[in-house]
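>>> how would this look folded up:
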Amino acid sequence: MDAAESLRLYNTVPFSQLLGIRREFSEGGRARLVVEARRELENPIRAMHGGVVATLLDVVMASAAVSKIGFARTAVTLDLNISYLQPGRGRLTADGEALAIADDGDTVQCRAEVRDDEGRCVARSMGSFRYLPLPSA
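Next up is the predicted model:
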């Protein structure tokens with residue numbers, strides 16, 4: 001699967017569509033996702049809900065993980081650790097990086113952060129992902 005096919009597959013994920021998460025790129029073990037603020041995604045203090053931030057971190061790391069292996073497999077979350085640093089308002093951008101593939105070739109460690117439209121770091125994350133076969137067509 002190449003990057004264009006991977007993007008087509010990504011664009012069929014209903015949950016990402018529901019949240020309005022857009023993938024800017026995913027290549028060479030790195031990825032970037034963006035979500036625009038809307039009232040439906042905010043918490044009572046008018047900041048992006050923590051669950052949206054968590055999803056953004058999770059998905060950007062999985063996107064980085066699959067790009068590290070040329071989109072040959074998909075990746076699912078094994079664990080996710082998030083440090084929330086401040087409320088996120090406005091457009092949020094997540095950058096993720098796949099760091100190291102384990103010796104078994106089936107797991108990968110990743111890191112990511114989310115920044116607001118003024119460049120402030122909203123949250124940081126580390127995660128482990130397991131590679132699985134691509135879904136059949």
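>>> Can you check the distance spanned by stretch 30-41, start to finish?
Counting by CA to CA, to the nearest Å, you get 25 Å between the two ends of stretch 30-41.
>>> Can you name the residues in contact with the helix or strand Ala123 falls within?
Here Ala123 sits within strand 121-132, counting by DSSP states H and E. With contact meaning CB atoms under 8 Å, 6 or more residues apart in numbering, strand 121-132 is reached by 48, 53-54, 57-58, 61-62, 65-66, 69, 73-88, 92, 105-116. Every residue, glycine included, has its C-beta placed from N, CA and C.
>>> Strands - which of the residues you listed land there?
Members of those lying in strands (criterion: DSSP state E): 74-84, 92, 107-115.
>>> Got a ChimeraX select line for the buried ones in these?
Buried residues among the ones in strands among the contacts of strand 121-132 (16 or more other CB atoms under 10 Å), as a ChimeraX selection:
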select :74,75,80,82,92,107,108,109,110,111,112,113,114,115
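>>> Output the lowest mean pLDDT helix or strand found in this structure.
helix 3-10 (a mean of 68; mean pLDDT, DSSP states H and E).
>>> For beta bridges, what are the partners of the closest residue to Arg111 other than its chain neighbours?
Distances taken as CB to CB, 6 or more residues apart in numbering place Met126 nearest to Arg111, at 5.2 Å, with adjacent residues excluded. Here Met126 sits in beta bridges with Asn81, Arg111, as judged by DSSP bridges.
>>> Relative to Asp106, how far out is Met126?
Relative to Asp106, Met126 is positioned 18 Å away (CB to CB, to the nearest Å).
>>> More neighbours: which of those two?
Met126 (16 against 13; other CB atoms under 10 Å).
>>> my read: Arg23 touches Arg30, true?
No - contact status for Arg23 versus Arg30: not in contact, 11.8 Å apart, counting by CB atoms under 8 Å.
>>> which one of the two has more residues nearby?
Neighbour tally, Arg23 and Arg30, criterion other CB under 10 Å: the higher count belongs to Arg23, 19 against 16.
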